[in-house]
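Enquirer: A predicted structure for the sequence below; I have some questions about it.
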Amino acid sequence: MPLTARLSGHGTLDATLDGLGAGMAWEAVYRVRPRPVLACTDCGLPMHAKASGRGGRFFAHDRRSATCAAVGETEEHRALKRALAAAAREAGIELADRESLTRQPPKILKGQIRYARSCRRASAAPWGEARPR
């Protein structure tokens, strides 16, 4: 599930930012009637605001999309994305074009991503079983 969605007249909303990055409260899009018209920043299909059982905020497609790259993300994956976004902001990296981040990571992150991937391949699965090669 994506952490961003487009809202007509407000631009891109980011669930990881205070004020959604657009100066509006989460309560303005979450569980309100009439529901705001949100669209996926990747595929353009309709979305709605949701919260996980752990309180993580995100956006979900109204109907399952077979073509969107963001479908099927777990809560752990979204938590990692929120942490990466917060770390990037803390480091002074402005993510002006958040949609392009998934397609072409900034150069400062490429080495870290390569390192993380190599660590993941070299380590055992989180539950102790060996990873298939």
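Expert: Thanks, I have the structure now.
Enquirer: what's the pLDDT at D42?
Expert: In this model, D42 is scored at 85, pLDDT.
Enquirer: How about the one 4 residues further on?
Expert: At P46 the predicted local distance difference test score is 94.
Enquirer: So what's the residue count around it?
Expert: 14 (other Cβ atoms under 10 Å). (Each C-beta comes from the backbone N, C-alpha and C, glycine too.)
Enquirer: got any ranges where this structure has weak pLDDT?
Expert: By pLDDT under 70, the low-scoring segments of the chain are 1, 94-133.
Enquirer: Please enumerate the strands of it.
Expert: Counting by DSSP state E, residue ranges of the strands within the chain are 4-7, 11-14, 38-40, 46-51, 57-61.
Enquirer: Reformat these into TSV and put distance to Y30 next to each item.
Expert: Shown next, in TSV, are the strands of the chain (distance: least, Cβ to Cβ, whole Å):
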stretch	distance to Y30
strand 4-7	11
strand 11-14	11
strand 38-40	11
strand 46-51	4
strand 57-61	7
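Enquirer: So L3 sits against D14, correct?
Expert: Yes. If you go by Cβ atoms under 8 Å, L3 and D14 touch, sitting 6.4 Å apart.
Enquirer: Need the residues touching each of these two.
Expert: Among the neighbours of L3, those also in contact with D14 (Cβ atoms under 8 Å, 6 or more residues apart in numbering) are A85.
Enquirer: my guess is R35 contacts P46, does it?
Expert: No. With contact defined as Cβ under 8 Å, R35 does not reach P46; the gap is 9.5 Å.
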